[in-house]
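**Student:** sequence and predicted model, in that order:
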Amino acid sequence: MAVVRLQETSKAIGKYAHDKGKYPAALADITPSYISADRIRPDDEPGTKPFEYHQPPRGAPDDFGMLVYEMPNPIMPGQAPGVRYVLTKGGDLQTISSVSGFDRAQPRREGSPGARGDHLRSPAPR
């Protein structure tokens, strides 16, 4: 759902830029004329913040990261990031997985479950 909303928000920003000749200074500038305020957030949960928006400067290349959403890590909430989605000015969606973030998480004591990374391996075939 978050990725769909990210793409919808990007389209609304594009329409605004086409109509006004410039990119909005903030996402609030595109609501409600181009998109409803609830669609510039990843979900409908109370307190969910809007996507991170970076106004492209004049002449910015198409690969400029305009909209960003970082999906929380369901395995280690608050410790390691999950997946970061970046929607560029040109409309490309880049997905950045931070599996390496697991390596930066709190170390496990030797002998505890997962201390050797066993929890990341596939089970042995039977």
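**Tutor:** Here it is on my side, so go on.

**Student:** look at H18 and give its secondary structure.
**Tutor:** For H18, the secondary-structure state derived from DSSP: H, G, I helix; E, B strand; the rest coil is helix.

**Student:** what about it, distance to V83?
**Tutor:** 30 Å (CB to CB, to the nearest Å). Quick note: C-beta positions are derived from backbone N, CA and C, even for glycine.

**Student:** just E70 next, same as before
**Tutor:** 8 Å.

**Student:** got it, and H54?
**Tutor:** 19 Å.

**Student:** which one of these two has more residues nearby?
**Tutor:** A direct count of neighbours by other CB atoms under 10 Å for H54 and V83 places V83 higher, at 17 against 14.

**Student:** which pLDDT value goes with the residue positioned nearest the centre of the chain?
**Tutor:** Central residue of the chain (CA atoms, centre = their mean): Y69, 1.7 Å from the mean position. Here, the pLDDT recorded for Y69 equals 91.

**Student:** and the helix or strand bottoming out on mean pLDDT in the chain, which strands flank it?
**Tutor:** In the chain, the helix or strand scored least confidently by mean pLDDT, DSSP states H and E is strand 93-97, which has a mean of 84. Strand pairing for strand 93-97, using DSSP bridges, gives strand 83-88 (antiparallel).

**Student:** can I get the partner strand in PDB? Just the C-alpha atoms.
**Tutor:** Taking Å, rounded to 0.1, in the frame of the first residue of the first chain, the C-alpha atoms of strand 83-88 are listed here in PDB:
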ATOM      1  CA  VAL A  83      13.600  -1.200   3.300                       C
ATOM      2  CA  ARG A  84      14.000   2.300   1.900                       C
ATOM      3  CA  TYR A  85      12.000   3.300  -1.100                       C
ATOM      4  CA  VAL A  86      13.100   6.400  -3.100                       C
ATOM      5  CA  LEU A  87      11.000   7.800  -5.900                       C
ATOM      6  CA  THR A  88      13.100   9.900  -8.300                       C
END
